[in-house]
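>>> need a 3D model of the sequence below.
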Amino acid sequence: MGRQRAPLALSPNGRYVAYFQRRGGALVVREVATGEMRAVPGVMWSNAMRAARVDLSPGGRYVVLGIGWEHRILDTYSGESIPVPPGLRPWSFSPDAKFVLVVDDTFQAGIYSMSPFTERGRVPVGGALGPDGETVAHFTARDAGIRLWNVPTGGIPRHDPIAVPVDRTPTRMRWNRAGRLDLQTVTPRRIRKGGGTRYTWYRVDRESGGTERVSGFVVPGSVHNPIVTGLTP
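Numbers count the residues shown, from 1 in each chain. Alright, predicted model coming up:
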């Protein structure tokens with residue numbers, strides 16, 4: 001591959017990473033903790049991949065390859081390629097990867113089952129897709145709060161938005177299989193002589209509307225374009 005910039009993705013929980021191998025050019029999915037690795041059948045590096053975006057589903061089952069607004073979803077075990085309808089972009093998988101939320105250029109969203117790949121519902125705005133593909137968490141106007149949208153009923157479970165922690169800029173959300181919702185925020189800060197950015201994860205209480213800090217990390221100012229877990233925003 002030489003010295004070329006290549007796409008890379010982390011799964012939402014950070015357990016898996018997808019990238020093109022330097023030797024041979026195969027697209028592989030690697031489990032970070034064990035180092036266990038598998039190649040995605042039928043996908044190899046080419047110059048066209050330099051402009052590609054790679055996203056990875058929870059559990060590392062599916063890889064999304066996108067160039068502009070043309071996308072396909074690949075089963076990393078079988079190599080099966082699922083074409084995404086023109087003009088739609090995969091935005092969020094459910095925690096079990098049985099469903100995927102896709103958005104158009106106005107951020108209107110549809111929910112698709114993965115097997116078979118068929119539409120099962122629509123929501124007025126894209127966001128983080130919850131378990132069973134039934135709930136979507138999305139940011140309100142100007143990212144001031146979080147709302148939940150129920151896909152089967154087409155309604156909002158709670159009418160008052162969940163507030164984002166004060167002086168924090170929300171960046172993304174993720175669900176786990178137990179139905180718990182986490183919010184990530186970002187805050188620029190000074191680190192010694194260089195700038196830096198602090199990322200913080202909060203657990204969202206859907207009943208009370210409260211948030212509790214659960215983890216965080218700092219990216220030094222010397223690091224450019226960090227790749228953070230989850231689908232690429």
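>>> low pLDDT regions in this protein?
Within the chain, the segments meeting pLDDT under 70 span 1-5, 188-195, 230-233.
>>> please repeat the previous calculation with a cut-off of 50.
Applying pLDDT under 50 to the chain flags residues 1-2, 191-193, 231-233.
>>> so where do the helices sit in it?
For the chain, no helices are identified by DSSP state H.
>>> hey, what's the residue nearest to M173 when sequence neighbours are not counted bridged with?
Nearest residue to M173, sequence neighbours excluded (CB to CB, 6 or more residues apart in numbering): A128, at 3.9 Å. For every residue, glycine as well, the C-beta is placed using N, CA and C. Beta-bridge partners of A128, counted by DSSP bridges, are A137.
>>> A128: how many residues sit nearby?
Neighbour count for A128, taken as other CB atoms under 10 Å: 27.
>>> that one reaches S92, doesn't it?
Yes: if you go by CB atoms under 8 Å, A128 and S92 touch, sitting 5.2 Å apart.
>>> do you know how far the closest residue in space to R168 that isn't next to it in sequence is from R158?
Excluding the flanking residues, the one nearest R168 by CB to CB, 6+ apart is T185, at 3.7 Å. Distance of T185 to R158, given as CB to CB, to the nearest Å: 21 Å.
>>> who has more neighbours, these two?
When neighbours are counted by other CB under 10 Å, T185 and R158 differ, and T185 comes out ahead with 21 against 12.
>>> bridging residues for the more buried one?
With DSSP bridges as the rule, T185 is bridged to P170, T200.
>>> contact partners for it?
164-165, 168-171, 199-200, 202 (CB atoms under 8 Å, 6 or more residues apart in numbering).
>>> show me whatever sits in contact with both of A128 and S92.
With CB under 8 Å, 6+ apart, A128 and S92 have common neighbours V136.
>>> ok, for F117, nearest residue in space, not its chain neighbours?
Per CB to CB, 6+ apart, closest to F117 is I82, 5.0 Å.
>>> likewise E31?
Nearest non-adjacent residue to E31 (CB to CB, 6+ apart): Y16, at 5.7 Å.
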